[in-house]
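Participant: sequence and predicted structure are below.
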Amino acid sequence: MKLLLKSTLLSILVFFSVSFIMILPQLNPLSDTYGFNIKIGFPFVYYYQFWAGHDFLNWEWKIINLILNCLITWVVVTGIYYFIKKRN
């Protein structure tokens, strides 16, 4: 049980870190307003924000992609953490 709790906390940190790292290159303050697009998510984009005109900022959530990204991150981090603990 302790292994699952630690690996879940680590996977949450990894998920937030990867999402933050994926958005950093897209936040360019020198770009023009019309070229503004933000895509968050790896390997699947779960949030998308874009300008659809001069005054219309649109956004879209894909909850299934968010769930898939969380699940993939949890499986990978839990597997790595398990094998590291097993080796030691």
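Facilitator: Ah, there it is. Numbers count the residues shown, from 1 in each chain.
Participant: can you give me the helices for this structure?
Facilitator: In the chain, the helices defined using DSSP state H lie at 2-23, 63-87.
Participant: quick one: buried residues of the shortest one?
Facilitator: For helix 2-23, burial by neighbour count (16 or more other C-beta atoms under 10 Å) applies to Ser7, Leu10, Ser11, Phe15, Val18, Ser19. No exception for glycine: its C-beta is placed from N, CA and C like everyone else's.
Participant: show me which of those residues is closest to Lys86.
Facilitator: Ser7 (12.4 Å; C-beta to C-beta).
Participant: run through who's touching stretch 53-65.
Facilitator: In this structure, residues lying in contact with stretch 53-65 by C-beta atoms under 8 Å, 6 or more residues apart in numbering are Gly41, Phe44, Val45, Tyr46, Tyr47, Tyr48, Gln49, Phe50, Trp51, Ala52.
Participant: now the buried residues of helix 2-23 in CSV, with pLDDT and distance to Phe83?
Facilitator: Compiled in CSV, these are given as follows (pLDDT from 0 to 100; distance: C-beta to C-beta, whole Å):
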residue, pLDDT, distance to Phe83
Ser7, 92, 11
Leu10, 95, 13
Ser11, 95, 15
Phe15, 96, 19
Val18, 93, 20
Ser19, 92, 25
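Participant: give me the low-pLDDT residue ranges for the protein?
Facilitator: Within the chain, the stretches falling below the threshold (pLDDT under 70) are 29-36.
Participant: quick check, central residue of it?
Facilitator: Ser19 (3.2 Å; C-alpha atoms, centre = their mean).
Participant: excluding chain neighbours, what is closest to Lys85?
Facilitator: Taking C-beta to C-beta, 6 or more residues apart in numbering, and ignoring the residues beside it in sequence, Lys85 has Leu3 as its nearest neighbour in space, at 6.7 Å.
Participant: got a list of what the nearest residue to Phe15 once chain neighbours are set aside touches?
Facilitator: Once its chain neighbours are removed from consideration, Phe15 has its nearest residue in Thr73; the separation is 4.5 Å (C-beta to C-beta, 6+ apart). Taking C-beta under 8 Å, 6+ apart as the definition of contact, the neighbours of Thr73 are Ser11, Val14, Phe15, Val18.
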